[in-house]
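**Q** return atomic coordinates for the entry below.
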Amino acid sequence: MKVRTLLPILALAALPVRPQAPAVIQGTVVDARGGEALANVVVELAGAPYRATTDSAGHFHLSGVAPGDYTVNVSTVGYRLVKKAFHLDAGETKDFEVVLSPDTFHQTETVVARADPFETARQDAPSTLVLAGTDAKNLGSVLADDPLRAVQNLPGVSSNNDFDARFSLRGADYSRVGLYIDGVLLHEPFHMLEGSSVTGSGTAFNADIVEEMELYPSAFPARYEDRSAGVLDVTTRDGNRSSNAFRAEASMSNAGFLFEGPIGKKKKGSWLVSARKSYLQYILERTSPDNSLVFAMEDVQARLAYDFSARNSVTLFILESYSNLDRSSSKSTLGINSLMEAGYHYTLGNAGWRYSPSDRLLVRNHVAWMREKFTDSNPTGLPVSGGYYGEWVWNTDASWMWNSRAPLEAGWSVRQLRDEGYTNQYQTGRPAPLVKDHFDGNATRAGGYVQQSWLAWSGRLRLNAGERWDRNSLDRIATTTPAASLSLRVAEGTHFDLGWGEYVQYPEISVLTSPLGSRGMPPERSIHAVAAVEQRLGKRTRLRAELYDRADRDMIFQPTIDPRLLLPKLTVFAPPSNPLYAASLRGYSRGAEFFLQRNSANRFTGWVSYAFGRTGMRDGVTGNRFPSEFDQRHTVNVYGGYRLRPTVNLSLRWSYGSNFPIPGYLTKVGSLYYLTTVRDELRLPSYQRADFRVNKSWTLKRWRATLYGEVVNLTNRTNYLFDSFNGYTTSTHQAYITLDKMFPILPSVGLVLER
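**A** I've put the predicted structure just below:
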């Protein structure tokens, strides 16, 4: 190369290199449920030494970042990991608004608007409790991963049975609470042993598919049917519409997986498949010496959602669950009427169509089918009980905003029911069974409602009034029931709620068609009244006091089912072998509830609640007055969750109950039980249980891992459960019962991997 050519090149090489200006990354992280700013969230660039944590306003700032291609990872415990790929130019300031979805909320990149953290979308009930997100997952327990066990710790709810997912609501048993899933009333969606006196159940669907649960403990809206005490409305979540995702979970008591992802290139829909198998029977085997509660559980659920347009969408939810009992290893110790093998199979299919022809009109339709089958056999393989329940459902409802402050709602439903079953009893040496009960019948239950709402005084006054009409073809009884509520904001942060309603619940086909019952039995009726005052202590904290009264009548009862002493000579009444049903029970439930609640995605969330209640009954056949079997005078429920660090969350739940009566005419002298003249006089010892949980997460290159650690019954409190009445001695009046111990202190751990 010539010298004159080389010199300019050398001169250019000698010039100093001007460094590229560093860039800045900044933004805000918010919660998908309502848009609350999220503090304590880690924001980091994958494969690069840039990391920040959001402040109390949800802001983050990364400075001095070299230009290039990056992927930002945004994560905190209890929320889904978000990854965003981007290019950064020299000197550029890149702004992000990141929306994080809770683990049990559908993945979204937009905020789901909520006017108030404590109110439901429709705001048409005087008393509602909402449970969702991290709180629902923590309360569901590592041990069981059960959404209904989360509901058990809500203010005013009573549950003193560690083995049962069902609960009592203001002195009423669970059979009087309507469980809805995506707009459809379910019958018995549980893992359980049907047709037997054995208690214990688990919810047939798992917490990973539940987006939100709303509990209506009193004066619920007219759109809910065929239940007399309360409603639990469950909404399932859509799958991930952004990308395919996978989640695997394993613990000491269960294992499962969840797949989800978008449908089509335009991602106008989503799919989700989840399966779970429980090993809880091994823990129950340890805590139940007679193995009466040891049954295996497994289930699978799937959900599809697709939007044909912004105004037209469809969904499909499918659930299959199985429960089975095998006590063949204890065959030699079982009696002739004991269960050795049992199975329960639950199926649900629910198709929904949502259509909005205009901004003022929304129409919803659901067509569903559900089936329940069970079989129970004794140690010789003979059938002890069995049955089949099937139901077709169609319901439709419409919301018409004929006025911006006065929405009108109306709906109609038709349910076609089929129920059949039997219960046998055997005697040693006699091969033919004694048929204790059998039933077989079909029924059509039709009903409709209309409800008008009004807003006045710039939104300070809200009124709702509705009316239901229902008819059951089997007993040919039609009913009309009104309901109304009022909410008045008297000052900033202070409002009053009033509610009143009448409700009916038709008897089961198994009662109407049984030889122990009658097709002419009337529906159970209840009248609810509730009054509440609420004071807000900031945007996300409230103090609430609530008074309630419920009057019940025409409740189904078996007045002669229990032995007792008769006045005046204290002779023993021996119950018949087949005690008849009668709509003879009247009752009341009255009480007050107080709770302090904070609902926040940051730092502390939870509540402290106290409930006092009295639930009394009167039987029209015997004339006896007695407390309800679910009369619990004092109930305390406490829950707290705290995100200690971006990767660590702590939670604690504590429950206390003065406890329910032992059913029957029993009293206690020393350590012995005796028959008496008064029903439900004797009570179980008070119930106490504390559970502590720690969630710890790690974000890896392609995966996120979360370790769940839990201690159930932290104080190792010995709690008791009434199991059975085993007979009595006529001469001495001594009675014999069995009380089972519930969970001792039980540690449990679980691991979740997701990508």
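
**Q** for the chain, which residues score under the pLDDT cut-off?
**A** 1-20, 115, 195-199, 280, 282-294, 428-431 (pLDDT under 70).

**Q** grab the most central residue of it for me.
**A** The centre of the chain sits closest to Leu148, judged by CA atoms, centre = their mean, with a distance of 3.4 Å.

**Q** name the nearest residue to Met252, sequence neighbours excluded.
**A** Ser748 (4.9 Å; CB to CB, 6 or more residues apart in numbering). Where C-beta positions appear, they are placed from N, C-alpha and C, glycine not excepted.

**Q** partner residues bridging Val694?
**A** Val694 forms beta bridges with Leu650, Gly709, as assigned by DSSP bridges.

**Q** burial count for it?
**A** Look at Val694: counted by other CB atoms under 10 Å, it has 17 neighbours.

**Q** hey, C-alpha coordinates of the helix or strand in which Leu258 is found in PDB?
**A** Assigned by DSSP states H and E, Leu258 falls within strand 254-263. The C-alpha trace of strand 254-263 is given here as PDB (Å, rounded to 0.1, in the frame of the first residue of the first chain):
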ATOM      1  CA  ASN A 254     -51.600 -34.000  45.800                       C
ATOM      2  CA  ALA A 255     -50.100 -33.600  42.400                       C
ATOM      3  CA  GLY A 256     -51.300 -31.900  39.200                       C
ATOM      4  CA  PHE A 257     -50.600 -30.000  36.100                       C
ATOM      5  CA  LEU A 258     -52.200 -27.100  34.100                       C
ATOM      6  CA  PHE A 259     -51.700 -26.300  30.400                       C
ATOM      7  CA  GLU A 260     -53.100 -23.200  28.800                       C
ATOM      8  CA  GLY A 261     -52.700 -21.000  25.700                       C
ATOM      9  CA  PRO A 262     -54.200 -19.000  22.900                       C
ATOM     10  CA  ILE A 263     -56.400 -20.200  20.000                       C
END
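
**Q** domain-wise, how is the chain divided?
**A** Per automatic domain parsing, the structural domains of the chain span 18-100, 129-754.

**Q** mind listing what's buried along the longest strand anywhere in the chain?
**A** For the chain, the strand that runs over the most residues, judged by DSSP state E, is strand 430-456. Residues of strand 430-456 classed as buried by neighbour count (16 or more other CB atoms under 10 Å): 433, 436-439, 441, 443, 445-453, 455.

**Q** need phi/psi at Met617.
**A** Backbone geometry at Met617, expressed as degrees, to the nearest 10, gives phi -130, psi 150.

**Q** quick one, what contacts the nearest residue to it once chain neighbours are set aside?
**A** Excluding the flanking residues, the one nearest Met617 by CB to CB, 6+ apart is Gly587, at 4.2 Å. If you count contacts by CB atoms under 8 Å, 6 or more residues apart in numbering, Gly587 has them with 551-553, 555, 615-618, 628.

**Q** which of those sits closest to Ala66?
**A** Thr615 (69.1 Å; CB to CB).

**Q** from Gly335, how far off is Asn378?
**A** 8 Å (CB to CB, to the nearest Å).

**Q** tally of neighbours for Gly709?
**A** Considering only other CB under 10 Å, Gly709 is surrounded by 15 other residues.

**Q** didn't it look like it was pressed against Leu751?
**A** No. Using CB atoms under 8 Å, Gly709 is not in contact with Leu751, being 10.0 Å away.

**Q** now the closest residue to Val210 other than its chain neighbours: phi and psi?
**A** Nearest residue to Val210, sequence neighbours excluded (CB to CB, 6+ apart): Pro147, at 4.8 Å. Main-chain torsions, Pro147, degrees, to the nearest 10: phi -60, psi -30.

**Q** which ones are touching Pro147?
**A** Contacts of Pro147 (CB under 8 Å, 6+ apart): 136, 140, 203, 205-207, 210, 213, 234.

**Q** cool, Leu232 as well?
**A** Counted by CB under 8 Å, 6+ apart, Leu232 has contacts 148, 151, 177-180, 213-216.

**Q** which element, helix or strand, includes it?
**A** Here Leu232 is assigned to strand 230-236, by DSSP H and E.

**Q** what's the next secondary structure element after that strand?
**A** With DSSP H and E, the next secondary element past strand 230-236 is strand 245-251.

**Q** show me where the stretch 651-755 of the chain has strands.
**A** 666-669, 672-675, 687-699, 704-712, 720-728, 734-741, 746-754 (DSSP state E, counting those that start in this stretch).

**Q** just checking, what packs against the last one?
**A** Judged by 3 or more CB pairs under 8 Å, 6 or more residues apart in numbering; DSSP states H and E, strand 746-754 is in contact with strand 245-251, strand 704-712.
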